[in-house]
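**Student:** Requesting a structural model of the entry that follows:
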Amino acid sequence: MLFFNLEIKELQDMNNREDILWLMFKNSDGEKIKVGELVKKESKFYFKYDIEGAKKAMDYGFTPLPSLPRINSEYFREEMFRTFADRVEARLLNDEEIFDLIKTTGAKLDEDELEFFNPEIKEEVEETE
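**Tutor:** Numbering: from 1, shown residues only. Take a look at the predicted model:
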């Protein structure tokens with residue numbers, strides 16, 4: 001009985017866990033600037049800009065995403081933000097799988113200087129400092 005209760009608690013903890021990805025902008029000097037955070041919590045998705053980072057990146061040509069135009073707002077969706085899902089091959093994936101794919105690949109596109117990083121991975125954090 002104790003083992004079963006521990007498994008349920010572990011599942012609940014996993015569902016309540018916040019999974020955070022940093023949206024980084026690479027400027028013309030090669031410096032990576034944190035411009036936002038994409039968060040998955042309880043199968044819901046949140047995005048907010050890092051105001052200081054976004055303003056700094058604007059000096060190098062960064063512009064807020066068209067579907068998320070206000071850098072001082074926090075955004076919430078019950079499903080993955082389409083603007084981020086469109087950065088990966090996600091046609092047949094559910095929202096959780098899309099988030100995991102973004103987390104794994106960084107969702108880097110040739111046409112812009114944006115990429116996602118997992119702040120939990122020490123090597124990536126050191127690269128952004």
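**Student:** I figured L109 hits V88, correct?
**Tutor:** No - L109 is not in contact with V88 according to C-beta atoms under 8 Å; the separation is 9.5 Å. Backbone N, C-alpha and C define where each C-beta goes, glycine included.
**Student:** pretty sure F47 contacts R82?
**Tutor:** No - contact criterion C-beta under 8 Å: F47 and R82 do not qualify, at 11.6 Å.
**Student:** Of those two, which one has the most company?
**Tutor:** F47 (21 against 11; other C-beta atoms under 10 Å).
**Student:** what bits of this protein have low per-residue confidence?
**Tutor:** Applying pLDDT under 70 to the chain picks out residues 1-16, 122-129.
**Student:** Show me the helices in it, by range?
**Tutor:** Along the chain, the segments classed as helices by DSSP state H run 2-16, 51-58, 82-85, 95-105, 122-128.
**Student:** Tell me which other helices or strands the fourth one touches.
**Tutor:** For helix 95-105, the contact count by 3 or more C-beta pairs under 8 Å, 6 or more residues apart in numbering; DSSP states H and E identifies strand 18-26, strand 32-41, helix 82-85 as packing neighbours.
**Student:** try it again with 6 Å
**Tutor:** Helix 95-105 is packed against no helix or strand, with contacts defined by 3 or more C-beta pairs under 6 Å, 6 or more residues apart in numbering; DSSP states H and E.
**Student:** That one relative to strand 32-41, how many degrees between them?
**Tutor:** Relative orientation of helix 95-105 versus strand 32-41 (axes from the mean of the first three to the mean of the last three C-alpha atoms, to 10 degrees): 150 degrees.
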